[in-house]
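Visitor: take this sequence and fold it.
(chains A and B)
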Protein chains: 2
Amino acid sequence: MEGNERPENTIYVGKKGVMSYVLAVVTQFNNGAQTVVVKARGKLISRAVDVAEIVRNRFVPEAKIGNIDIKTEELTSEDGTKNKVSAMEITLSK
Amino acid sequence: MEGNERPENTIYVGKKGVMSYVLAVVTQFNNGAQTVVVKARGKLISRAVDVAEIVRNRFVPEAKIGNIDIKTEELTSEDGTKNKVSAMEITLSK
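Guide: This next block holds a predicted model:
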């Protein structure tokens, strides 16, 4: 595949239903992506794990879980207060 | 350290506050554990990530995140229905 400069395909998991993000990941794979990164923060982290597991078990059986990273991010709210929140990235590759 | 047969120190994250589990992990390290495994299922997965991050950032700076595994477990409820739930294990080592 050409275009190595293209950023990795990343899906940010938000507050929609799990299947919206599953569909987004599956679509990336169907469009030729070899790697899709699923990202989430805070309470949405568990949803990101569900997304990765559903993609792998039901839709893209050849996808493997690659690296899983966790880290802490600092968010600054409008009034200047800083809050720490956990973040996770799951790399799926086929 | 002798006693290699001893099972790894495992903390199951449940519905108590995050700090209960942070304290449990820190206690294991203080008692000589080199490795502590933090496990959680379903929505509690995000809490397990918080636990690992707080331990590492605030209490045991020499602890490193080792392997992070995700998988799907099947739970059978009393009436025989089977439900799938995501599970995660985070290995912390110093």
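
Visitor: what's the closest non-adjacent residue to the residue nearest to the spatial centre of chain A?
Guide: The residue lying closest to the centre of chain A (CA atoms, centre = their mean) is A:Val38, at 0.8 Å. Excluding the flanking residues, the one nearest A:Val38 by CB to CB, 6 or more residues apart in numbering or on different chains is A:Ile90, at 4.6 Å. Bear in mind the C-beta positions are built from the backbone N, C-alpha and C, glycine included.

Visitor: for the helix or strand harbouring the one you found, which outside residues touch it?
Guide: Per DSSP states H and E: A:Ile90 is located in strand A:82-93. Outside strand A:82-93, the residues within contact range by CB atoms under 8 Å, 6 or more residues apart in numbering or on different chains are A:25, A:34-42, A:45, A:48-49, A:52, A:55-56, A:60, A:63-77, B:46, B:49-50, B:53, B:70.

Visitor: quick one, phi/psi of the residue lying farthest from the centre of chain A?
Guide: The centre of chain A is farthest from one residue, A:Asp79, which by CA atoms, centre = their mean lies 29.2 Å away. In terms of degrees, to the nearest 10, the main-chain angles of A:Asp79 are phi -80, psi 10.

Visitor: again, but for A:Thr81
Guide: phi -70, psi 140.

Visitor: what is the burial count for it?
Guide: A count of nearby residues for A:Thr81, using other CB atoms under 10 Å in any protein chain shown, gives 8.

Visitor: repeat for A:Ile45
Guide: If we define neighbours as other CB under 10 Å, then A:Ile45 has 26 of them.

Visitor: skipping its backbone neighbours, what lies nearest A:Phe59 in space?
Guide: Nearest to A:Phe59 is A:Val26, by CB to CB, 6+ apart, at 4.8 Å.

Visitor: which residues are in contact with that neighbour?
Guide: A:Val26 neighbours (CB under 8 Å, 6+ apart): A:Val55, A:Phe59, A:Val60.

Visitor: and it, that one's in a strand?
Guide: No. Counting by DSSP: H, G, I helix; E, B strand; the rest coil, A:Val26 falls outside a strand, being helix.
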